[in-house]
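1. Show me how the following folds:
(2 chains)
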There are 2 protein chains.
Amino acid sequence: MKISIAQQNYHIGNFEENTEKILGAIELAKKEGADLILFSEMSVCGYPARDFVEFEDFIDKCYESIDTIRKAADTIGVLIGSPARNPGKKGKDLFNAAFFLYEQKIVAEIHKTLLPTYDVFDENRYFEAASSWQVIPFKGKKLAVTICEDIWNLGDNPLYTICPMDELMKQSPDIMLNLSASPFDYTHDEDRKATIKANVLKYKIPLFYCNAVGSQTEIVFDGGSYAFDKDANLCGALPMFTSDLSFYTCNDDGTIQEPIIEPASRVPNKELNPATLVADLNIDQIYKALVLGIKDYFTKMGFTKAILGSSGGIDSAVTLAIATDALGTQNVLAVLMPSEFSTEHSVADAELLSKNLENPYHIVPIKNVYHSFLETLDPIFNGMPFSLAEENIQSRSRGNILMAIANKLGYVLLNTSNKSELATGYGTLYGDMAGGLGVLGDVYKIQVYELAKYINREKEIIPTNIITKAPSAELRPDQKDSDSLPDYSVLDQVLFQYIEKRANPSSIVAMGFSSELVNRTLKMVNTNEYKRNQFCPIIRVSPKAFGVGRRMPIVGKYL
Amino acid sequence: MKISIAQQNYHIGNFEENTEKILGAIELAKKEGADLILFSEMSVCGYPARDFVEFEDFIDKCYESIDTIRKAADTIGVLIGSPARNPGKKGKDLFNAAFFLYEQKIVAEIHKTLLPTYDVFDENRYFEAASSWQVIPFKGKKLAVTICEDIWNLGDNPLYTICPMDELMKQSPDIMLNLSASPFDYTHDEDRKATIKANVLKYKIPLFYCNAVGSQTEIVFDGGSYAFDKDANLCGALPMFTSDLSFYTCNDDGTIQEPIIEPASRVPNKELNPATLVADLNIDQIYKALVLGIKDYFTKMGFTKAILGSSGGIDSAVTLAIATDALGTQNVLAVLMPSEFSTEHSVADAELLSKNLENPYHIVPIKNVYHSFLETLDPIFNGMPFSLAEENIQSRSRGNILMAIANKLGYVLLNTSNKSELATGYGTLYGDMAGGLGVLGDVYKIQVYELAKYINREKEIIPTNIITKAPSAELRPDQKDSDSLPDYSVLDQVLFQYIEKRANPSSIVAMGFSSELVNRTLKMVNTNEYKRNQFCPIIRVSPKAFGVGRRMPIVGKYL
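-> Next comes the predicted model:
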């Protein structure tokens, strides 16, 4: 049986474009003589469509797409993901489904059993879980079809009480097929490979796994689909971060004819070292995820041009370099906005950066605007000493200038805040926290340095001075980040334990950090929830990003 | 059996304070000779604690609270809500539980079966559902204990496939007890009463229902607990929006000794009229919910003073009046920020309003700041004509001034945007969309007028001119809202059908609205998701508020 895996990038709710892509892949697969083509989860409407699925006509459009695709599924079997209505009187209105189309008919409808609700997932919000399981007979073979999470319920402490593949095995299937929309994080490709392999080792039949690719607002789907033969040999590994169509011949004995072609782009990721939060080989993946995150945000929103504040610091430098890679040098405008507290090198460094990148830039000093605010507020401030308020006025003046240029000339503002700043609230709402998309919001400061090294791996793009100088917001004379925050090398480790690892304060102290430092840090994280709540979507690259996957009370007391 | 219902206001994660309140109620109930006291869902930690429950030590603290309360539960039975660990190897780590404490022991642990994941709820994210059911024998009676959603699975098309009360009835219980944390909206009290009554009519035993009270960030719990005897007579209705402790003697025959004492504050709410979006009697509840929402946000966050921009328009006037009611006149600072486009009456009206309310105010003209921005941007704007960019500069200058005063003097900025504006994106990010709490963000413009009438019901607080003049943002000469938006009387109806009712565009057109109007309106709603995503929490008063209960893709195409 010749099986094709179609790893594609969908636009949520853009049925016309998605269907066209799907039909294109079916056409190619038919030309190659494939018996069956496997698409990813929710392919017709894109994943996650969220509350869109609560609209009747959105579901109608899914069915219309299935109907169109059905007509193309004549000599080829098509496994395609879509929501499906629940005809039962009890339970939720929809299933997360896979349709098997063949000879222009809907041959089978498979429902997802395990509906994730952790992290960024909300599937139980919309879907009823499957409660019966059927293999699909096709060309003398029995296909066991599952959807994403369905194959993840392994180990000694599984999250769900049911294991759908165990149920399907009772009917002695020959081949496993899985439709996924499984998002990227810097550990996920290895986890995924291990999980797929574990299924093959357990059930001893081949598994074809198709993952979605492309970024959906904050969630990056990295593709990286796999084919494993019955002996758990890796026989196919599709590239990450890009669309692809591949073909495998699955022999009757469960072996797969094609040898593995591990794409050059597919480098295994190392375990993150908690002591440094850096694993060199992951940086390449993180970089590519951020590029794809920006590119897809702009393409799917219909935007082309980005603007950002270029301060001469490392965060804006790295954001600028990534943005020019994603959107093209000429499409990214840097705005340098020195104040009276800016050091001379800040402007010089930022200028050199834009010269290296060859992107356009403007210099817009904020002194007059800042003083105009001070004069206007003078009757109220009434001679009170310089404080955070004045620092924030500068930051918000910059935010206002960037938004004004964006509004006037049709740019989208990219935000340059990193995860360490967002975690601790070291940023100004409506100031440096402004923007439409957070590029580095899931990247700790010490990882930003690794990205800078990666960007400079062939030649100096980010000036060395930007990398080596001490981080500063430059909102008052001689200000340094270290005046307000612990050293990033320590801070980031504490944050990582608390945010990614959900470690208790006492456990973090037990790791060797002082309880004063831990309490101070965690208090900063918790009391700044209200700021992050107003932050833009952040491109997710870690297993726990701020935003939709981390849901904390704003009014709450914990620590 | 003498049963007490303790309707209390908890602070999420504030175990010390919550436990103290709970112990106080137990003490009072013991003095009154109660056999049993019923608390609300998740009382020890507050509801919804969201991802806090993923921390081991948060759960430890819940158990410590239960242990403290257990010691007070000597001669009285205590039914108290808390997360509980799942000792099983399979499934999620926690249950949403009720502990029955008596004679200083944990006599029983009940698990919630039906875990809502619609609208603002995320319970399946954290909790495993109950899969067995046991009545609790207590003083010769059998108690059927359920938690909130457990009693809501009625009707011909139930959301869940299991009905826990049906299971419990197999053991012939004598009394139903329900621990709830069921949030307010302007239709919910009637729904709740009907649902509770339907359970009593179905199972023919008395039901004691305890709901939480108090606002948790955006979600207002309105209390309004109930007691119904076996014949479905209403025997107790606790007040809405305030804590209360009440007592009922449940006779052996299932009657309840006390006559109903319907509190004066408890007026039945009318069905909302979709044609006007106004039902007079609801406005009283909406007003009280908004007052409680502000009050609890400030109290629980440890804030006392609010600031807001007072434009002379109706939204800021209503917000100001509600805020002074919630926080006290002297704790609310109004800032009038006229520009060169402001009409003379705007300042006069806003001044008169603050004189009526007797709250402090400042006048801070933005002309100099605005022109300073224009001069600074002149080299880039380069003589291009006045556009949205200049309008937004004014709005953001105001936002910056308000935040500067807030930062300098320790105020929290209240946002005055209404639901119609937020729906259509008729507002400036970081400008009039700035603020820590959205007071009117779930109130359509035509409902804002009803609130104004309600505020003025005894005497003119909001000047008539503010109510009668045409709405305008006053960001360019002679601007009116109606230049950009359909008339609110029509717009709000279309928005209501789309947002609250999830009506398809074609169904809205079928109601008699032009397809041009419907398409234009719905496109505005969908394309402004990115703005609302950065908006502050909105006090929820409708069945579908923007924010945590409405989850739409930002990068998505629907219409």
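2. Unless I misread the structure, A:Ala144 falls within a strand.
-> Yes - counting by DSSP: H, G, I helix; E, B strand; the rest coil, A:Ala144 is part of a strand.
3. Quickly note the distance from it to chain B.
-> Using Cβ to the nearest Cβ, to the nearest Å, one obtains 21 Å as the distance from A:Ala144 to chain B. Any C-beta I mention is one placed from the backbone N, CA and C, and that applies to glycine too.
4. Near the residue lying closest to that residue once chain neighbours are set aside, how many residues? Count them for me, please.
-> In this structure, A:Ala144 finds its nearest non-sequential neighbour in A:Pro173, 3.6 Å apart by Cβ to Cβ, 6 or more residues apart in numbering or on different chains. Other residues within reach of A:Pro173, judged by other Cβ atoms under 10 Å in any protein chain shown, total 20.
5. do the same with A:Trp133
-> By other Cβ under 10 Å, neighbour count at A:Trp133 equals 21.
6. pLDDT at the residue nearest to it when sequence neighbours are not counted, what is it?
-> Closest residue in space to A:Trp133, ignoring its immediate chain neighbours: A:Glu167 at 4.2 Å, by Cβ to Cβ, 6+ apart. For A:Glu167, the pLDDT comes out at 98.
7. so where's chain A shaky on pLDDT?
-> Flagging of chain A using pLDDT under 70 yields the residue ranges A:259-271, A:279-281.
8. Which parts of it belong to which domain?
-> A:2-249, A:280-481 (automatic domain parsing).
9. The stretch 301-450 of chain A: strands as residue ranges?
-> Along the stretch 301-450 of chain A, the segments classed as strands by DSSP state E, counting those that start in this stretch run A:306-309, A:332-336, A:361-363, A:412-415, A:437-438.
10. Alpha carbons only: can I get the first one in CSV?
-> The C-alpha atoms that make up strand A:306-309 are tabulated as CSV, following Å, rounded to 0.1, in the frame of the first residue of the first chain:
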residue,chain,number,x,y,z
ALA,A,306,6.7,45.6,10.5
ILE,A,307,8.0,48.4,12.7
LEU,A,308,9.9,48.2,15.9
GLY,A,309,11.7,50.3,18.4
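11. what would the domains of chain A look like in a markdown table with distance to B:Val318?
-> Formatted as a markdown table, the domains of chain A follow (distance: least, Cβ to Cβ, whole Å):
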| stretch | distance to B:Val318 |
| --- | --- |
| domain A:2-249 | 29 |
| domain A:280-481 | 24 |
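12. Point out the most buried one among the strands of the stretch 301-450 of chain A.
-> Comparing the strands of the stretch 301-450 of chain A by mean neighbour count (mean count of other Cβ atoms under 10 Å in any protein chain shown), strand A:437-438 ranks first with a mean of 28.
13. C-alpha coordinates for stretch A:45-53, CSV please?
-> Written as CSV, here are the backbone C-alpha positions of stretch A:45-53 (Å, rounded to 0.1, in the frame of the first residue of the first chain):
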residue,chain,number,x,y,z
CYS,A,45,-10.8,24.6,8.9
GLY,A,46,-7.3,24.9,10.5
TYR,A,47,-6.4,24.2,14.1
PRO,A,48,-7.3,25.6,16.7
ALA,A,49,-10.5,27.2,15.3
ARG,A,50,-11.6,27.9,18.9
ASP,A,51,-15.1,29.4,19.4
PHE,A,52,-15.5,29.6,15.6
VAL,A,53,-16.8,26.1,15.8
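14. Contacts for that stretch next, please.
-> A:10-15, A:18, A:40-42, A:58-59, A:61-62, A:65, A:81-83, A:94, A:120-122, A:126, A:181, A:212, A:216, A:219, A:221, B:550-553, B:556, B:558 (Cβ atoms under 8 Å, 6 or more residues apart in numbering or on different chains).
15. can we see that at 7 Å?
-> A:10-13, A:15, A:18, A:41-42, A:58-59, A:62, A:82-83, A:94, A:126, A:181, A:212, A:216, B:550-553, B:556, B:558 (Cβ atoms under 7 Å, 6 or more residues apart in numbering or on different chains).
16. Perfect, that will be all.
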